[in-house]
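> Pasted the sequence and its predicted model underneath.
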Amino acid sequence: MKRKGIIITLGAILVLLIGVFVASLTSSDNDTATYSGSDNGSEQAGIENEEQRTVRIGILQTTSHPSLDEITAGAIEGLAEHGYVEGENAEIDFQNAQGDQNLMNTMAQALVEDGADLLIGIGTPASQAFANATSEIPIIMGAVSDPIGAGLVESEDEPGTNVTGVKDQAPVEAQLELMNAVLPEASTIGLLYSSGEDNSRAEAKRATEVIESMGLEPVTYTVSSTNDIQQMVASMSQEVDVIYLPTDNTIASAFDTVVSEADRYDMPLIPTVDLMIAQGGLVTVGINQKQMGIESGRMAAEVLNGQDPSTFPVFVLSEGDILVNQEKAEHLNVTIPESILEDAVIIETRE
């Protein structure tokens, strides 16, 4: 009887142990399922967060001028048109160095250190400041005349760096042919630009070659800052027949001074930028600055979407409209040929 009791006790213990073991397995399976579900949920949440993540974009403008302002506005518009809207899924930090190179470098470094996902340089100096500050964050050039000469890309077809964007190749030959048609008696052509800007030097070199090929005499004048402009224009006005102005941020920022001084001597001005006609230039074949910015914004959006800037070809914007300031022509007693006026956009002087 005693032996039978021991057997029953052992049997009960065995059943109890089996129950505990089975319960343990069930609990483990539940924990695994719970963990797996949690992991899948976290992964899904991560995807959703990535889709909803706000990108940070730094924009650095070289200086204040209507043409550069238009490019900046166009870049923001281009970003929005391609899915990156400020205040919704894009945070844009805009800085303007007002032509101060040291300040420009400081601003570029700050935007890099603040963790920008992409940088847009408005003008050659701003783009160079970004390139000096980082070789990793993608940089979009918002208007650079000579990206290779400025050391920003290795090739326009395949940049080979973290920089790509829009090249504003002024139609120099068309501009100078227009000048010659409007001012056929002009034989000495003055070129005014800043000695410190790579883009200006490159464009002035192109212009010099075209002027010489036309059988005219180019004379080069350079300034180191806006402080030199008034006196330089006064000197040029006594030595040349017309002043041609390559794309130049320093000249652009003080173009009102250029116009004011040139008007004192009835000196015609042939700028390369469309908005300068409204400020007092005579004629030009001008590239639309707003469109240049929109193209920059488009390229920025494509890079944010995964396009590699090192293999993303530079976009060249080189065609423009004939622009005529008829009021300025009348002031200078210049008769614009009807054949030109038929195809031209007439621009009124901005007050």
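That came through, no problem. Numbers count the residues shown, from 1 in each chain.

> For E261, list the residues it contacts.
I229, Q230, V233, A234, S237 (CB atoms under 8 Å, 6 or more residues apart in numbering). (C-beta placed from N, C-alpha, C; glycine too.)

> For the helix or strand that contains the first one, name the packing helices and strands.
When elements are assigned from DSSP states H and E, I229 belongs to helix 229-236. If contacts are counted by 3 or more CB pairs under 8 Å, 6 or more residues apart in numbering; DSSP states H and E, helix 229-236 sits against strand 188-194, strand 217-223, helix 255-264.

> Let's have those in JSON lines, adding distance to N305 and mean pLDDT.
Below are those laid out as JSON lines (distance: least, CB to CB, whole Å; pLDDT from 0 to 100):
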{"stretch": "strand 188-194", "distance to N305": "36", "mean pLDDT": "97"}
{"stretch": "strand 217-223", "distance to N305": "42", "mean pLDDT": "97"}
{"stretch": "helix 255-264", "distance to N305": "37", "mean pLDDT": "96"}
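
> and of the ones you listed, who's closest to V345?
The minimum distance between V345 and the helices and strands packed on helix 229-236 falls on helix 255-264, with 19.2 Å, by CB to CB.

> chain center to the closest one: distance?
Chain-centre distance of helix 255-264: 28 Å, with CA atoms, centre = their mean, to the nearest Å.

> what about the helices in the stretch 251-351 of the chain?
Secondary structure of the stretch 251-351 of the chain, counting by DSSP state H, counting those that start in this stretch: helices at 255-264, 275-279, 289-304, 326-331, 338-341.

> For H82, find the nearest of those.
Closest approach to H82 among the helices of the stretch 251-351 of the chain (CB to CB): helix 289-304, 3.5 Å.

> Using neighbour counts, pick out the buried residues of that closest one.
289-301, 303-304 (16 or more other CB atoms under 10 Å).

> number of nearby residues for L191?
L191 has 23 neighbours, counted by other CB atoms under 10 Å.

> mind starting the numbering at 9 from now?
Sounds good: first residue 9 from here, last item L199.

> Please tell me I have it right and it contacts A215.
Yes: the criterion here is CB atoms under 8 Å, and L199 meets it with A215 at 5.9 Å.

> any common contacting residues for these two?
What both L199 and A215 touch, as defined by CB under 8 Å, 6+ apart, is the set P226, Y252, P254.

> helix or strand right after the lowest-mean-pLDDT helix or strand in the chain?
Ranking every helix and strand in the chain by mean pLDDT, DSSP states H and E puts helix 10-60 at the bottom, with a mean of 45. As assigned by DSSP H and E, the chain's next helix or strand after helix 10-60 is strand 63-69.
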